[in-house]
Each structure stands twice: as C-alpha cells, then as structure tokens.
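Student: Okay, sequence plus prediction incoming.
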Amino acid sequence: MDIWALLIIPLAAALLITLVTRKNEDLSSFISIGAIVLCFFIVFPYLLKMLGNPHMEALEQSFTWLQVKGLTIEMGTIIDPLSIIMLFIVTFVGSLIHIYSRGYMHGEHGFSRFFACLSLFIFSMLGIVLSNNFIMIFVFWELVGLASYLLIGFYFEKASAADAAKKAFLVNRVGDFGFILGIFVLYYATGTFNFIELGHIIAAGKVDSATLGLAALLIFCGAVGKSAQFPLHVWLPDAMEGPTPVSALIHAATMVAAGVYMLARASFLYSAAPHFAMMTIAYIGGFTALMAALLALGQSDIKRIIAYSTLSSLGYMVMSVGVGGTSAGMFYLTTHAFFKALLFLGAGSVIHACHTNEIWHMGKLFPKMKVTAVTFLLGSFAMMGIFPFSGFWSKDEILSAAYNADTFLFGLGVFTAFITALFMTKLLLVTFFGEKRYHGHPHESPGVMTIPLMVLSVFAVFAGLAGLPGLEPNFGTFIGGGHGHGGEHHFNYAVATISTAAVFLGIIIGYALYSKKDMHEDILAVKFPKVFRVLENRFYFDYVYDNYLVKKIYNGIAKISNFIEVYIIINFILNGIAYITRQIGRGLRLTISGQLQHYTLVMVGGVFVLMIIFVIF
C-alpha cells in the first residue's frame with residue numbers, strides 16, 4: 001500500500017492546495033514540501049533494500065482498470081532497481097527544489113498555484129516511474145505534459161511564457177502520437193501491455209524482426225518529444241520562460257529524463273530490435289548532443305546555455321541506449337540529475353541577485369556570491385566530465401559504449417565533450433570572474449536557497465563513485481541485475497584519456513578566449529559574426545518550422561480542410577439536405593388546409609384508390 005501512497009500523497013497535496021489553502025501561501029508551500037519529503041522517506045527503505053540485494057526481482061501490484069471483450073487494461077506498479085533509482089532521483093532532487101522554491105518564489109503572484117502545480121507534476125512523474133504497463137505509463141506521460149504546460153506558462157500574463165507553454169505542449173503531442181502508435185503495434189503483436197509479459201514474449205522470439213523495429217522506432221518517438229531530441233528539440237530552450245525551479249525540476253532532473261527512463265524500461269524491446277533501428281536511435285542522440293553543444297556557444301542567456309547543455313546531455317543518453325549501453329545511459333541520467341539541477345538552481349541564485357538572465361550583464365560575482373559561485377563551479381566541473389567529478393565516470397561509460405559500437409559516434413561524442421568544456425568555461429568566466437558588468441548590489445541568496453545548492457554539490461562531486469571500476473556492486477550491477485538491461489561497468493582507460501584531453505583542450509581554449517577582464521561581448525561574435533549569428537539563431541530551426549512547416553504546410557492543410565468542411569460538408573451536404581427537407585416540407589404544407597371537408601375528400605379519395613388497387617391486384 002505504501003507504493004500507491006507515492007501517488008496518492010502528491011495528488012492529495014495538489015488538490016488540497018487548489019481547493020482549500022490557496023489563499024494561505026505559507027501553508028500551501030509547506031503542504032507541497034511535506035508531500036514530496038514524505039514520498040522520499042517512503043522510497044528510502046526500498047533504496048536500502050536494493051543496495052542490500054542488487055539482483056532483487058521485480059515486485060508488481062496491479063488491479064484491473066478496464067475490461068471489455070478481448071481487452072484488459074490494468075493499473076499497476078513495478079518496483080525493481082530501475083524504478084527505485086528513478087524514484088530516488090525524483091523525490092530527493094524534487095525535495096531540494098521544493099525547498100529552494102520557497103525562497104526563490106517568495107513574493108510572487110500565484111505562489112500557491114506554483115506549489116499546487118509542482119505537486120501535480122510530482123504525482124505525474126512518479127506515475128511514469130511506477131507504471132508496470134504501457135497504457136498506464138502513457139496516461140501519466142500525458143499528465144506530465146499537462147503539468148509542464150502549467151509550470152512553463154506560470155507567468156501566463158507574459159506572451160512569451162504563454163507561447164512557450166503552448167509550444168512545449170504541441171511539440172510533445174507530435175512525439176506522443178508516434179508513441180501511442182508504437183504501443184498499439186506492440187499490443188497487436190503480443191496481446192499485452194505489461195512490461196514483464198512483453199519481455200518474456202519478445203525473449204521467446206514470438207515477434208518478428210520487422211514488427212520489433214517498427215515498434216521500437218514508434219515508441220522512441222515519445223522519447224524524442226519528451227527528451228527533446230532532434231527534430232522535436234525546439235521546445236526545451238523556450239521552456240526557460242518558466243520560473244528557474246521549474247527549469248531545474250522538469251527540464252533538467254526529471255521530466256526530460258522520462259524519455260530515457262522509458263527507453264530503459266522498454267530495454268527488452270530495444271535489446272531485440274534490428275540493428276538499423278538501434279543505429280537510428282544512436283545517431284539521432286549523437287547528432288542532438290553535438291548540435292545542442294554548438295548552439296550553447298551562441299547563447300548569452302544563462303538559463304538557455306544550461307538548457308542547451310541539457311539537450312546535449314540527453315543526446316548522450318539516447319546515443320548510449322542506441323549502442324546498447326542502457327546501463328551507462330541510466331548512470332549518466334542519475335549523475336546528470338544532480339549536477340544539472342545544481343547548475344539551474346545556481347543560475348536561479350544569480351538571476352535572483354542580478355535581476356537579469358544575460359551573462360554579459362554580470363561578471364565578477366565570485367566575491368559577492370561565494371557559496372553560489374563555488375557550488376556552480378563544482379557543478380560545471382561535473383558537467384564537463386573532469387576527474388574525479390561524477391560526470392567523468394558516467395559520461396566516459398557512454399563514450400566507452402560508443403567506442404565499442406561505432407567509431408564515428410565515439411568521435412562525435414568526444415568532440416561534443418570538447419565543445420561542452422568550451423561553453424561551460426565561457427559561462428563560468430563571464431558570469432563569476434572578469435570585469436564587473438552588473439548593476440545594483442548583488443548579494444548571496446538566503447539559506448533556503450544555498451543549502452540545497454550545497455547538498456546537490458556533494459552529489460555532483462561524489463555520485464559518480466557508484467561506477468568506480470572494480471567496485472562490487474556498482475551501478476551497472478543494479479541496472480543489469482535480472483532485468484536484461486545488460487551493461488556491467490567496464491572502465492576504458494584509453495577512452496578516459498582521450499575524453500579528458502578533449503575536455504582540457506576546451507577549457508584551455510575557453511580560458512584564452514574569455515579570460516580578458518575588459519570583455520563586454522562574445523569574442524566569437526566579433527571574430528566570426530556570420531557563424532555566431534547562425535548559432536545565436538539556433539540554426540534557424542524555429543524560423544523554418546514557423547515559416548514553412550506551420551505557415552505553408554500546416555496552414556495549407558488547414559485551408560484545404562476548411563474548404564472541405566465549409567463548402568463540401570456544410571454548404572453542399574448539410575445545407576443541401578436541409579434545402580431538400582425544406583422544399584419537401586413546403587410541398588407537404590399545401591396538403592394541410594385546416595378545412596374538414598378537404599380532409600374528408602382526401603380520405604374518401606384514399607379509400608377509392610385502395611379499392612382500385614385491391615380489385616386490380
């Protein structure tokens with residue numbers, strides 16, 4: 001019953017805040033914080049159980065939700081190392097972000113609404129993690145989309161925020177359409193939605209290769225939308241219009257990771273899928289990783305830089321799944337949740353102090369905000385993958401998997417690591433060092449904001465030790481244990497050396513470019529204005545989508561549909577039927593005179609006609 005409580009508690013908190021306590025802001029925030037902290041304490045014993053038994057079998061609880069002839073849909077939960085790790089990430093990081101939000105959102109209009117939406121999101125995200133079948137995960141998948149829409153558009157009075165919320169919602173629906181088609185394809189081939197049953201059926205070779213490939217790619221569409229992979233990546237940077245804690249919770253630590261988690265949960269499908277399907281997934285992930293890293297170089301908004309770094313990291317994770325390194329992908333997802341949440345919350349602390357998102361309006365903040373600066377520095381080192389920070393161990397696992405599978409993908413991953421080090425060095429130097437460019441009197445954030453930063457920084461530094469070579473059990477043992485995910489961790493010293501060299505080369509070049517104290521604009525914009533303009537405009541993806549996909553193709557289809565609806569369906573068919581009916585009515589109306597002798601004449605005439613018919617026939 002305690003597992004179902006993980007869903008009931010945050011949902012009850014969201015409803016209670018919305019219906020009862022919305023006018024009492026302090027109470028509303030405490031209810032939301034209390035709910036997520038309580039969920040963490042429910043999860044913690046399962047984490048200890050997993051640590052004591054890395055090969056624990058999956059535990060399922062379920063009941064029939066809907067049953068009609070030939071179709072049974074269940075609501076159920078699954079507890080195994082994969083779900084326990086994700087539950088820990090959601091509840092632990094979520095608790096810290098909730099606490100941070102009390103300080104960051106203080107004085108904001110809609111304070112209670114914000115915490116109600118946070119609790120709704122936690123309910124939805126926990127539902128995805130606990131689901132034991134595809135239908136249930138899809139239901140919560142859509143609820144997460146709703147919660148993210150509400151949180152991205154929190155400042156709905158602001159046109160850009162409202163547009164960003166709609167953009168995120170609509171772009172994700174494109175991916176979700178492919179997702180639900182993939183679920184139906186898999187159900188048609190197997191007759192079940194249950195993950196464990198699907199795993200047994202596919203392992204027994206009862207589904208043909210072509211069906212597996214089609215289902216794998218269609219279900220991957222859901223991850224393309226939710227985890228913002230090319231070509232549906234365009235919503236994530238705009239989602240930074242939401243409050244910074246939203247960026248940390250939804251668009252760094254949990255929601256965008258849901259796509260990767262879903263791929264790991266469906267590893268029984270991807271381990272059996274044809275090579276072409278897996279390589280398609282791997283190359284989409286690799287391309288997204290490099291593209292996003294390049295785009296981060298052309299941004300000056302601190303949150304957008306970190307958002308593109310998230311896109312790049314998600315690309316790494318998807319690439320890892322594509323080359324068969326599901327365990328490595330989940331390892332990076334775990335460490336990424338800590339250091340990326342730290343970076344976003346650190347950015348929020350800076351924005352809170354400087355009242356701007358532009359890094360070129362900051363500078364020399366280190367003396368003013370030492371806690372924020374040091375923790376942000378630690379998160380940046382983890383993001384870059386510097387030894388011995390957590391990102392070093394987890395990212396190199398992905399590069400090792402790519403090295404063993406595809407030389408080109410390995411090279412692409414190493415080059416992405418170089419670009420990542422370059423733009424993170426730029427972010428650090430321009431924001432915290434160099435010349436003072438800020439206005440006003442920035443100061444360190446209150447303890448309610450800095451304490452979560454310090455806690456997250458500890459995990460950003462040490463979480464990677466779970467993947468130490470020779471450690472038994474290590475992260476790969478938990479994810480690989482008994483679930484067919486594969487992937488015990490094997491540290492590759494050659495790969496680590498190459499990637500570390502790439503990272504330090506990026507740092508050195510970044511320092512050479514951005515360490516000058518009198519800088520007031522990006523050196524790349526000065527030296528390479530045309531290239532920088534392309535990066536600044538995000539490779540013009542939004543321009544192409546807006547002017548060609550939306551205005552020409554989508555609006556063209558809309559005009560054709562409007563013509564069919566108005567002129568054919570309404571004017572010709574519906575109005576035609578109405579016209580014919582009206583004319584018949586006018587003719588019949590002439591038979592209604594209201595005179596008794598007329599009706600008598602008609603009756604006698606009718607009897608006479610019937611008599612003639614009977615005589616003849």
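Tutor: Structure received.
Student: Show me what the one helix or strand Val37 maps to is packed up against.
Tutor: Take DSSP states H and E as the rule and Val37 turns out to sit in helix 25-52. Contacts defined by 3 or more Cβ pairs under 8 Å, 6 or more residues apart in numbering; DSSP states H and E place helix 25-52 against helix 2-16, helix 81-104, helix 111-130. C-beta here means a position set from N, CA and C on the backbone, and glycine is covered the same way.
Student: With distance to Ala353, mean pLDDT and mean neighbour count as extra columns, can I get the ones you listed in JSON lines?
Tutor: Shown next, in JSON lines, are those (distance: least, Cβ to Cβ, whole Å; pLDDT from 0 to 100; neighbours: other Cβ atoms under 10 Å):
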{"stretch": "helix 2-16", "distance to Ala353": "30", "mean pLDDT": "92", "mean neighbour count": "18"}
{"stretch": "helix 81-104", "distance to Ala353": "11", "mean pLDDT": "92", "mean neighbour count": "25"}
{"stretch": "helix 111-130", "distance to Ala353": "20", "mean pLDDT": "93", "mean neighbour count": "25"}
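Student: now for the ones you listed, which one comes closest to Pro446?
Tutor: helix 81-104 (5.2 Å; Cβ to Cβ).
Student: now for the closest one, which elements pack on it?
Tutor: With 3+ Cβ pairs under 8 Å, 6+ apart as the test, helix 81-104 has helix 25-52, helix 111-130, helix 244-248, helix 258-265, helix 326-354, helix 447-462, helix 475-480 packed against it.
Student: sorry, back to before: let's have the helices and strands packed on helix 25-52 in a markdown table, adding distance to His200.
Tutor: Putting those into a markdown table (distance: least, Cβ to Cβ, whole Å) gives the following:
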| stretch | distance to His200 |
| --- | --- |
| helix 2-16 | 23 |
| helix 81-104 | 17 |
| helix 111-130 | 21 |
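Student: Can you give me the distance of Thr326 to Ser209?
Tutor: From Thr326 over to Ser209 the distance is 20 Å, taken as Cβ to Cβ, to the nearest Å.
Student: can you list the weak-confidence ranges in the chain?
Tutor: Low-confidence segments of the chain (pLDDT under 70): 1, 251-253, 480-490.
Student: follow-up on the earlier one: so for the helix holding Val37, what gets flagged as buried?
Tutor: For helix 25-52, the buried set under the neighbour-count rule, 16 or more other Cβ atoms under 10 Å, comprises 25, 27-33, 35-40, 42-43, 46-47, 50.
Student: ok, back up a step: tell me which of Thr326 and Ser209 has more neighbours.
Tutor: Neighbours per residue (other Cβ atoms under 10 Å) separate Thr326 from Ser209, with Thr326 holding more: 30 against 13.
Student: Identify the residues contacting the most centrally placed residue in the chain.
Tutor: When Cα atoms, centre = their mean is applied to the chain, the residue found nearest the centroid is Val256 (2.4 Å). Val256 makes contact with 226-228, 236, 250, 310, 314, according to Cβ atoms under 8 Å, 6 or more residues apart in numbering.
Student: can you do 7 Å?
Tutor: Applying Cβ atoms under 7 Å, 6 or more residues apart in numbering to Val256 gives the contacts 226-228, 236, 310, 314.
Student: Are we agreed that it is in a helix?
Tutor: Yes. If the criterion is DSSP: H, G, I helix; E, B strand; the rest coil, then Val256 is within a helix.
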